[in-house]
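Colleague: test case, fold it:
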Amino acid sequence: MSVGDALSRLAESRRVRHIFSRRGFDPRILDAMAASRCQRDAALHAAGQAGFLAQAKAHYRSRGFAWYHLLPHGMSRAPWQLLRPRFLRGSFLAFRHQRRTGP
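Modeller: Here you go, the predicted structure:
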């Protein structure tokens, strides 16, 4: 499971870095990656590679996230969310998504 999580974070980091390089800094991208600590770390890594690390850290701080927020967002209210197929697919199989080809 940890290998699947690591590969998923790597794939998400690459995807977010590509979005940052094409569109510039957009806080909506960071909001979409705020569900868990692993996703936030992947987003911060991608922002750092794209040159937006300070802005990304400031955005997460303004949303109330700190270094000690380890559990996924909303976990204390609904711990059974860990067993939902959507969470499991997004957490451990994100690297298996098909690439989009477009204009």
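
Colleague: what about the nearest residue in space to Phe65 that is not next to it in sequence, helix or strand, and which?
Modeller: Among residues not flanking Phe65 along the chain, Arg40 sits closest, at 6.4 Å (Cβ to Cβ, 6 or more residues apart in numbering). (Glycine included, C-beta is placed from N, CA and C.) Taking DSSP states H and E as the definition, one finds Arg40 inside helix 37-50.

Colleague: before we move on, back to that, tally of neighbours for the residue nearest to Phe65?
Modeller: 20 (other Cβ atoms under 10 Å).

Colleague: quick one: contacts for it?
Modeller: Arg40 makes contact with 30, 33-34, 60, 65 under the criterion Cβ atoms under 8 Å, 6 or more residues apart in numbering.

Colleague: how about a cut-off of 7 Å?
Modeller: Listed by Cβ atoms under 7 Å, 6 or more residues apart in numbering, the contact partners of Arg40 are 33-34, 60, 65.

Colleague: look up how far Pro85 lies from it.
Modeller: 22 Å (Cβ to Cβ, to the nearest Å).

Colleague: quick one: contacts of the helix or strand hosting Ala58?
Modeller: Here Ala58 is covered by helix 53-62, with elements defined by DSSP H and E. Residues outside helix 53-62 that contact it (Cβ under 7 Å, 6+ apart): 25, 27, 30, 40, 43-44, 47.

Colleague: and with 10 Å instead?
Modeller: 16, 20, 25-27, 29-31, 33-34, 40, 43-48, 50, 52, 65-66, 69 (Cβ atoms under 10 Å, 6 or more residues apart in numbering).
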